[in-house]
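# I would like to see how this sequence folds:
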Amino acid sequence: IFLFATVEDKTPLSRFKTKEDIAPYLENENKLIYPLAENILSLSKHIIDPYEDKYQAFDKNAATIAGLYIKQNLLYSEYIEAYKADKVYLCLILQRIIYEAYIKMHYLIKYGKSAQDEYRLQSYKNRYKFYEEYKEFEGYFKVRNEKFLQDLKDDGFEIADCEKILKSRRHKKKNMSHLIAEFDNEKLYTSLYGLTSDSIHSDWGDIRQVYISKTDDGNYVPMIYTNKHFRILIPLVDLMIDASLAFLKWDKNQSYISILSEHKRVVNLINECIFDEYNKPSSQYMKE
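A predicted model of the protein is given here:
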């Protein structure tokens, strides 16, 4: 099902008015879940590259926002493929990375040039530390440092800028918990971002649930099954809709606003169905 087409302000999604209308289409992911996910992927690609004969160009600071949106698009594409392939372990890793790019994009949109300058300069932090430690060395070290200095110059910065921003407490960047509280819901830090840190850092919570299975006698074996559910995929569809709407608003581009909003409405109905499932006896989820 391709859901872009509109006829007299109606889309194939217009039939879905309530969660009861949605429910029968959730039994098979091919009926609605995959078309929704892939539509948003296709839409975001059009937003990134709207012209047939040329690329949309951004200056250095605007490119920070565009680059983060492009990253979300590319990793979201991989997320869909990983989900379809039952690779839940990859979904959890990608979810954390996509969400962080989403939050940082919102931060740079809100605070504009000063934040975008600082974001670009902060990216040189570790290379600057390497330069300070190895600037007298030859060979490999010299090549890396010369490349660092050239990149710094091309980005419009000098060594003095690195020294200033990295030694000034005033420029201490906010951590993710602060950013999530500001741009989303602070409760999501623990429930969405915090829990997926297990996958990034290879904590036991990740290992025991994704890579091994507990047997009846209390031992562990390599994971022998996956039990994916579209409730893993839908939050990322929702996020990419919100990211796309934020990007279009920042870019002063009205394209696709109405169709994205229609997709958002349907995703909200799916979320209602998901929450209804969680209100049922919890025993059905104990193996998932």
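
# Next one: F16 from I40, what distance?
In this structure, F16 and I40 are 16 Å apart, going by CB to CB, to the nearest Å. (C-beta placed from N, C-alpha, C; glycine too.)

# The two - which one has more neighbours?
The neighbour count for F16 versus I40, taken as other CB atoms under 10 Å, is higher for I40 (27 against 19).

# and the gap between that one and D49?
Plainly put, I40 is 15 Å away from D49 if you go by CB to CB.

# what's the answer for K228, then?
K228 is 31 Å from D49, by CB to CB.

# Looking at these two, which has the bigger crowd around it?
Neighbour count, other CB under 10 Å: between K228 and D49, K228 has more, with 17 against 13.

# I'd say that one and K87 touch.
No. Using CB atoms under 8 Å, K228 makes no contact with K87, being 9.0 Å away.

# Now do the strands in the chain.
For the chain, applying DSSP state E gives strands covering 212-214, 220-222.

# ranking those strands by mean pLDDT, which is last?
Per-stretch mean pLDDT for these is lowest at strand 212-214 (a mean of 87).

# From the contact counts, what lies against that one?
Applying 3 or more CB pairs under 8 Å, 6 or more residues apart in numbering; DSSP states H and E, one finds that strand 212-214 contacts strand 220-222.

# If we go by neighbour counts, what in the strand it packs on is buried?
For strand 220-222, the neighbour count (16 or more other CB atoms under 10 Å) marks no residue as buried.

# heads up, I number from 53, so please use that
Right, with 53 as the first residue, what we last looked at is strand 272-274.

# Show me what that strand is packed up against.
Contact here means 3+ CB pairs under 8 Å, 6+ apart; on that basis strand 272-274 packs against strand 264-266.

# Dump the strands of the chain into a markdown table; add distance to E81 as well.
As requested, the strands of the chain are exported to a markdown table (distance: least, CB to CB, whole Å):
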| stretch | distance to E81 |
| --- | --- |
| strand 264-266 | 24 |
| strand 272-274 | 26 |
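
# tell me the pLDDT at the residue most central in space within the chain?
By CA atoms, centre = their mean, the chain has its centre lying nearest to I150, at 1.9 Å. Looking at I150, its pLDDT is 94.

# contacting residues around it?
123-124, 127-128, 131, 288, 291 (CB atoms under 8 Å, 6 or more residues apart in numbering).

# for this protein, what helix or strand is lowest in average pLDDT?
Ranked by mean pLDDT, DSSP states H and E, the helix or strand of the chain with the weakest confidence is helix 240, at a mean of 55.

# wait, isn't L321 in contact with R67?
No. With contact defined as CB under 8 Å, L321 does not reach R67; the gap is 11.4 Å.

# Identify the contacts common to those two.
Taking CB under 8 Å, 6+ apart as the contact criterion, the common neighbours of L321 and R67 are D73.

# More neighbours: the two, which one.
Legend: neighbour count by other CB under 10 Å for L321 and R67, higher for L321 (19 against 11).

# quick one: contacts for that one?
Counting by CB under 8 Å, 6+ apart, L321 makes contact with 68, 70-71, 73-74.

# Please convert the buried members of the residues you listed into PyMOL selection syntax.
Of the contacts of L321, the buried ones can be selected in PyMOL as follows, counting by 16+ other CB under 10 Å:
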select buried, resi 68+71+74
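
# can you list the contacts of L321 in a markdown table and add pLDDT?
Below are the contacts of L321 laid out as a markdown table (pLDDT from 0 to 100):
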| residue | pLDDT |
| --- | --- |
| F68 | 94 |
| T70 | 95 |
| K71 | 95 |
| D73 | 95 |
| I74 | 95 |
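
# The contacts of L321: which two are farthest apart?
The span of these, defined through CB to CB, is set by F68 and K71 at 8.8 Å.

# buried residues in stretch 83-92?
84-92.

# Which one of the contacts of L321 is nearest to Y135?
Distances from Y135 to the contacts of L321, taken by CB to CB, are shortest for I74, at 19.2 Å.

# Contacts only, for that closest one.
Under the criterion of CB under 8 Å, 6+ apart, the neighbours of I74 are 68, 84, 318, 321-322, 325.

# Next one: the closest residue to it other than its chain neighbours from P333, what distance?
Among residues not flanking I74 along the chain, L321 sits closest, at 4.7 Å (CB to CB, 6 or more residues apart in numbering). Per CB to CB, L321 is found 23 Å from P333.
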